[in-house]
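Chemist: sequence isn't available, so here's the structure alone:
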C-alpha cells in the first residue's frame, strides 16, 4: 500500500492562480505520482473580481502541476460585506451541487479540505464524501464562529449560535480534523457532540512556501538596500485585524530616536486608510508598495533587517499562528511581533526575535529600537535560530509525508469496515 497511487480530491474555495498554501500540497502530491483533483471556484482573491487572465482563457487553468482542476461558478468577493457573504454562499452551494455532479463516476481514497474562512467550504466535501464513501479530512485554519465575532462581522448571539450549530454539523461528519495550532483543540472539541478519538484530532501546522526556505534568495528590486537605515518589512493582508493604527503610533514614536524604514507590502481593506495616514502625517519613512507576487517576497525579505507580524488581541487570535510567521522563520530574518498567544510563544521559544503585547504601540517602538541597536551578528544569530526552529517544527516535506501516511491509514481503515 505504501507505494500505491492515492486518488485525492482537494476541496478549496481558493486555489491557483490565487497565491495559497494549498497550491504547494497539490503540486507535491501530484509530483509524487498521486492522482489529484481540485474542486474550487473562479479565481478572484484578493482583488474581488475574477482574474482577467482566467476570463480571457479559462482552459489555461484546467490543470495545475499535473492535477486536474474542476471549477464551479461563484459570485466574486467584490468590495462590500454583502458581496463577501454571497461569495461564500455561492461557493458552497455550487460546489455541493454542480461540483458533485461534475465529479460523478470518480472514486477517491481521501478528500481534503483547505478550511480557511469560511468553514462552509467544508460542506461540499462532507456531501461528496458521503456520495463517494471516502474519508474526509478538514484542515482547520480558522476557528468558527469565534472568528466572526473577533473580526466584528457578527455579534448577534442567535446568529453566532446558528453558525456554531453549522460548525458542529460539519465537525461531527468529518472523519479527521487537522488543527493548525495547539490552541485550537479545546475550541474544536466543544463542537464535537460525539466522542472524538485522538486519532481523529490531529495537530497539523502550516509550512512556508518553498521560495522562503531557499538557502540564498536573490536580492529583490522592490527596495534599495540602505545599511544606514534599519528596515522593517510587513507583508500580507492589510486588514483591521493587523492593527495598523498601533503601528502608525509606533512609527511616530520612533521618528526622532532611530532611523527606521517601514516597508508595507500587500493590500486589503485598510490600504486607503494607511495611505491617508502616511500623507497626512508626512511619514516619509513608511513605504506602501502595494500588492506584489509571492515570488518577489523572498528577495524583499533578504533586504530586511526585521520582519513584522501584528494582530489585534482577543481569545481567538491568541490561539492562531498567522501563516506569515512560518514564512518569516524560514527566511532566516529576525522577527518583530506585536502579537499575543501562540505566535508570541513561537517567536520567543525559537529565539527568532522580540515580541510585545498586541496593540502596544510603545512596546513595538521599544522592541524595534532594541533590535535596531543590536549588533548585526546578534541579529544574524536570531535569524538562524528562527530558520532552525522552522526546519524542526514546520518542514513542508515532513508535514506532507505525514499527511500522505494519514491518507493511507484512513484508506486501510475504510477498507476494513
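Modeler: Received, thanks. The model shown is predicted, which means the values in this text are computed figures rather than measured ones.
Chemist: return the distance of stretch 46-56 from the chain's centre.
Modeler: 21 Å (Cα atoms, centre = their mean, to the nearest Å).
Chemist: which residues sit against that stretch?
Modeler: Taking contacts as Cβ atoms under 8 Å, 6 or more residues apart in numbering, the residues outside stretch 46-56 that touch it are 17, 42-44, 60-61, 76-79, 83, 237, 267-268, 291. To be clear about C-beta, it is placed using only N, CA and C from the backbone, and glycine gets the same treatment.
Chemist: out of those, which comes closest to residue 327?
Modeler: Each of the contacts of stretch 46-56 was checked against residue 327 using Cβ to Cβ; the closest is residue 237, at 13.1 Å.
Chemist: tally up the residues packed near the closest residue to that closest one other than its chain neighbours, please.
Modeler: In space, residue 237 comes closest to residue 268 once its chain neighbours are excluded; the distance is 4.6 Å by Cβ to Cβ, 6 or more residues apart in numbering. Taking other Cβ atoms under 10 Å as the neighbour definition, residue 268 ends up with a count of 18.
Chemist: now do residue 58
Modeler: The number of residues packed near residue 58 is 12, by other Cβ under 10 Å.
Chemist: just read off the phi/psi values of it.
Modeler: Residue 58 has phi and psi values of phi -60, psi -30 when expressed as degrees, to the nearest 10.
Chemist: one step back: please name the residues that touch the residue nearest to residue 237.
Modeler: By Cβ under 8 Å, 6+ apart, the neighbours of residue 268 are 46, 237, 238, 239.
Chemist: who wins for neighbours among the residues you listed?
Modeler: Highest neighbour count within the contacts of residue 268, by other Cβ under 10 Å: residue 238, with 23 neighbours.
Chemist: I'd say that residue and residue 271 touch.
Modeler: Yes - counting by Cβ atoms under 8 Å, residue 271 is a contact partner of residue 238 at 5.1 Å.
Chemist: how about low-confidence regions in the chain?
Modeler: 1-3, 151-154, 194-196, 214-220, 415-417 (pLDDT under 70).
Chemist: same thing but at 80, please
Modeler: Within the chain, the stretches falling below the threshold (pLDDT under 80) are 1-3, 81, 117, 147-156, 193-199, 210-211, 213-221, 413-417.
Chemist: identify the residue nearest the geometric centre of it.
Modeler: The C-alpha lying nearest the average C-alpha coordinate of the chain belongs to residue 323 (Cα atoms, centre = their mean; 4.3 Å).
Chemist: what sits against that one?
Modeler: For residue 323, the set of contacting residues under the criterion of Cβ under 8 Å, 6+ apart consists of 21, 206.
Chemist: the stretch 301-417 of the chain: strands as residue ranges?
Modeler: Along the stretch 301-417 of the chain, the segments classed as strands by DSSP state E, counting those that start in this stretch run 306-310, 335-338, 353-356.
Chemist: any idea how many residues pack against residue 224?
Modeler: By the criterion of other Cβ under 10 Å, residue 224 has 7 neighbours.
Chemist: for the residue nearest to residue 410 when sequence neighbours are not counted, give me the backbone phi and psi.
Modeler: Counting by Cβ to Cβ, 6+ apart, residue 135 is the residue found nearest to residue 410 once chain neighbours are left out, at 4.1 Å. In this entry, residue 135 is assigned phi and psi values of phi -70, psi 140 (degrees, to the nearest 10).
Chemist: residue 414 against residue 136, yeah?
Modeler: No - counting by Cβ under 8 Å, residue 414 does not reach residue 136; the two are 10.9 Å apart.
Chemist: more crowded one of those two?
Modeler: Neighbours of residue 414 and residue 136, each counted by other Cβ under 10 Å, are more numerous for residue 136; the result is 26 against 14.
Chemist: wait, residue 353 touches residue 343, no?
Modeler: No - the pair formed by residue 353 and residue 343 falls short of the contact definition of Cβ under 8 Å, at 11.0 Å.
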